[in-house]
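A.B. asks: the following block contains a protein sequence and its predicted model.
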There are 2 protein chains.
Amino acid sequence: MTVILRLAMIGFGNVGQEFARLLDRKREWLLKSKGLDVEVLVISTRSKGSLMSKRRLDTARAVEELRKGSLRGYGSEYTELSPIELIGKCDADMMIELTTLDIESGQPATDHIKKAMNMGMDVVTANKGPVAFHYDDLARLARSNGVKFRFEGTVMDGTPIFNLVEKTLQGCEVTGIQGILNSTSNFVLTEMASGKTMDEAISKAQGMGLAEADPAMDLDGWDAAAKITALANVLMGAGSDPKKVERNGIRGLSADDVRASANERTKWKLLASAERDGGSIRTFVGPETITPDSPFWSVDGTSSAVTLKTDLMGDLTIIESGPMLTQTAYAIFSDMLLVVDSIRAGTLQ
Amino acid sequence: MTVILRLAMIGFGNVGQEFARLLDRKREWLLKSKGLDVEVLVISTRSKGSLMSKRRLDTARAVEELRKGSLRGYGSEYTELSPIELIGKCDADMMIELTTLDIESGQPATDHIKKAMNMGMDVVTANKGPVAFHYDDLARLARSNGVKFRFEGTVMDGTPIFNLVEKTLQGCEVTGIQGILNSTSNFVLTEMASGKTMDEAISKAQGMGLAEADPAMDLDGWDAAAKITALANVLMGAGSDPKKVERNGIRGLSADDVRASANERTKWKLLASAERDGGSIRTFVGPETITPDSPFWSVDGTSSAVTLKTDLMGDLTIIESGPMLTQTAYAIFSDMLLVVDSIRAGTLQ
């Protein structure tokens, strides 16, 4: 039996395009192993128009048209409807939310997700804002609409963290979390440890496409704060938001500090943590030194890692080494499959 | 709706007893979150008799009787039937296989598992022998009998490795595996790096109950060979057995080697690896040096770790820090829940 799954892709930048390529690459596997035929019916971009169809769009051709500057050349499927209008009118079963995020508000992703859930669509996103700012509301809305909401790509790309806990650590309580979650800061600290100034390290990160023109979100700890909030909300029921995180970035560290500590067999890392504090959950982000016995000792450059402290399994650490675009695209792919699995299992989560 | 799950525990040593305590500790959670009421109907020990009942056994009382030397004092449930006879006669839905293993043959665990599958019982084991020696046969037998077969506890205690790949890395191909899988060897190497001789380190491990009186299985790489075979069979379709592993233990290393390397910012580790070699899978175990940029750098003492090399997610490393008995018991618990989930989902795997 083959099931047809129809997607609306809201946001079609690098991650979205890589996900579309991944769907093509794994088409045979999807059909054979999962009995699943995935069709993209909607592609929405911020400034280059959108496509809506009742039949499968050719995503490779859409990528080509985007390279020329606009989706207009694709054909009669072209539309200038807004994302909200597209979600309201399309025939898709699932929305993939990948728009650019305003980290201060979690928008417009949160509105897109609410609209999709209210239309009865399952939702997969790699956008950390909605999970960091509105997790409890969105989880409730998903339940009341009988739809699924998954977001593995919000933290450490496609590395299984949320899915790991939900699927493989059942009955295990997460009592604390610590991670290196912002790869730009980690890259900058690694470069500084080998002798660069912070400005030189930032320039190098920008040259590699790793840091934004304004790297404040990364260096001031905002990105890490949003991620630790997402983790704490989902895994520890924190009900928090990123503004409540005690937050220090790495800009207070001098090149001398970082270099000197590297010589003393310690390293500076930007650590994001969540721990129980009486009845509530304390979340904090800031530079800390680690020693060679830390599981994070090898986590340099763009790598990232998280340690989950648990009641039954002690400390488990997961390290993602040198991620590329494929890893975030895989998060969407993996979440899409888990949604299909749970619908097939007839369970509501 | 509450489902009653009836267990036959074949083997009731430290891990089995800890699992029974875990069932008691999580009884409320099992009922509330999973709608599951777990009853132990059979307890089989090697030399202290067995219990079989049509109603729930009191596992805490069984543990007390064992402390006195025999299960005979428990009551009329006492029996001297063999494990195979018990499996054939009992009313259990699932067998938990935790007998002492003969690593050279994978017995008697493999016979117990076959008998249980042929009786229509699902099987959960922490015994690496059956998976290392007979995985393909047992997987086939499980399919033909429509039962589940799970074995997370065979490698790195309850750390999700098999379950991680199956449940959270769907569509991702494992192209290579490397791990520190034998904690006795790792403990001995860590002690030697800090100045002990191998004999002193082994004595310390024996004093802690970590190493057997005859530590050959650990130090000669047999245990690691069985574990890398289990991983390669399940995750890479190797169809191998532990005798095919290129195997070197740590006994060839002198205290001077290990201490000297520690001073040079390298460490000796007993690494177990699986990699593609043309159309087949090559498995090998041996001491190798690692440097501080290895994700295994912090993996000292009784900790263990594995790196999965994958096509879509790059390298993922999972580290288990300082495991205790609870972690192996949790593997059984976690597998038991996954069996129940997949039965509820009505899928055959």
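C.D. replies: Now that the structure is in, tell me what you want to look at.
A.B. asks: distance-wise, check the residue nearest the centre of chain A relative to chain B.
C.D. replies: Nearest to the mean C-alpha position of chain A, by C-alpha atoms, centre = their mean, lies residue A:154 at 1.9 Å. Going from residue A:154 to chain B by C-beta to the nearest C-beta, to the nearest Å gives 15 Å. Heads up, the C-betas are built off the backbone N, CA and C, glycines and all.
A.B. asks: quick one, phi psi at that residue?
C.D. replies: Here is the backbone geometry of residue A:154 (degrees, to the nearest 10): phi -70, psi -30.
A.B. asks: burial count for whichever residue of the stretch 201-349 of chain A sits closest to chain B?
C.D. replies: Nearest residue of the stretch 201-349 of chain A to chain B (C-beta to the nearest C-beta) works out as residue A:345 at 3.5 Å. Residues lying near residue A:345 (other C-beta atoms under 10 Å in any protein chain shown) number 15.
A.B. asks: not counting its neighbours along the chain, what's nearest it?
C.D. replies: If the residues on either side of it in the chain are set aside, residue A:345 comes closest to residue B:345, at 3.5 Å by C-beta to C-beta, 6 or more residues apart in numbering or on different chains.
A.B. asks: that neighbour and residue A:344 touch, don't they?
C.D. replies: Yes: between residue B:345 and residue A:344 there is a contact under C-beta atoms under 8 Å: 7.0 Å.
A.B. asks: and the contacts of the host helix or strand of residue A:203?
C.D. replies: Element membership of residue A:203 [criterion: DSSP states H and E] is helix A:198-207. With C-beta atoms under 8 Å, 6 or more residues apart in numbering or on different chains as the contact definition, helix A:198-207 has outside contacts at A:184, A:187-189, A:191-192, A:196, A:211-213, A:215, A:219, A:250-251, A:253-255.
A.B. asks: and those residues, which are buried?
C.D. replies: Buried positions within the contacts of helix A:198-207, assessed by neighbour count (16 or more other C-beta atoms under 10 Å in any protein chain shown), are A:184, A:187-189, A:191-192, A:196, A:211, A:215, A:219, A:250-251, A:253, A:255.
A.B. asks: could these be laid out in TSV, adding secondary structure, pLDDT and distance to chain B?
C.D. replies: As requested, the buried ones among the contacts of helix A:198-207 are exported to TSV (DSSP: H, G, I helix; E, B strand; the rest coil; pLDDT from 0 to 100; distance: C-beta to the nearest C-beta, whole Å):
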residue	secondary structure	pLDDT	distance to chain B
A:184	helix	96	18
A:187	helix	97	15
A:188	helix	96	18
A:189	helix	96	15
A:191	helix	95	15
A:192	helix	94	17
A:196	coil	93	18
A:211	coil	80	21
A:215	coil	88	24
A:219	helix	95	24
A:250	coil	96	21
A:251	coil	93	26
A:253	coil	91	21
A:255	helix	85	21
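A.B. asks: so how far does stretch A:227-246 reach from one end to the other?
C.D. replies: Distance between the two ends of stretch A:227-246: 13 Å, counting by C-alpha to C-alpha, to the nearest Å.
A.B. asks: no wait, stretch A:113-130
C.D. replies: End-to-end for stretch A:113-130, by C-alpha to C-alpha: 8 Å.
A.B. asks: can you mark which positions in that stretch are buried?
C.D. replies: Buried residues in stretch A:113-130, counted by 16+ other C-beta under 10 Å: A:113-117, A:119, A:121-130.
A.B. asks: among the residues you listed, which two are most distant?
C.D. replies: Within those, A:119 and A:128 form the most distant pair, 23.0 Å apart (C-beta to C-beta).
A.B. asks: and the angle from the helix or strand bottoming out on mean pLDDT in chain A to helix A:198-207?
C.D. replies: Within chain A, no helix or strand scores below helix A:255-263, which has a mean of 80 by mean pLDDT, DSSP states H and E. Put simply, helix A:255-263 runs at 80 degrees to helix A:198-207, going by axes from the mean of the first three to the mean of the last three C-alpha atoms, to 10 degrees.
A.B. asks: which strands and helices lie in contact with whichever helix or strand comes after helix A:255-263?
C.D. replies: Sequence order places strand A:267-277 as the next helix or strand after helix A:255-263, per DSSP H and E. Judged by 3 or more C-beta pairs under 8 Å, 6 or more residues apart in numbering or on different chains; DSSP states H and E, strand A:267-277 is in contact with strand A:174-180, helix A:183-193, helix A:222-236, helix A:255-263, strand A:280-290.
A.B. asks: pick the most deeply packed of the ones you listed.
C.D. replies: Ranked by mean neighbour count, the helices and strands packed on strand A:267-277 are led by helix A:222-236 with a mean of 27 (mean count of other C-beta atoms under 10 Å in any protein chain shown).
A.B. asks: what packs against that one?
C.D. replies: Contacts defined by 3+ C-beta pairs under 8 Å, 6+ apart place helix A:222-236 against helix A:128-145, helix A:162-168, strand A:174-180, strand A:267-277, strand A:280-290.
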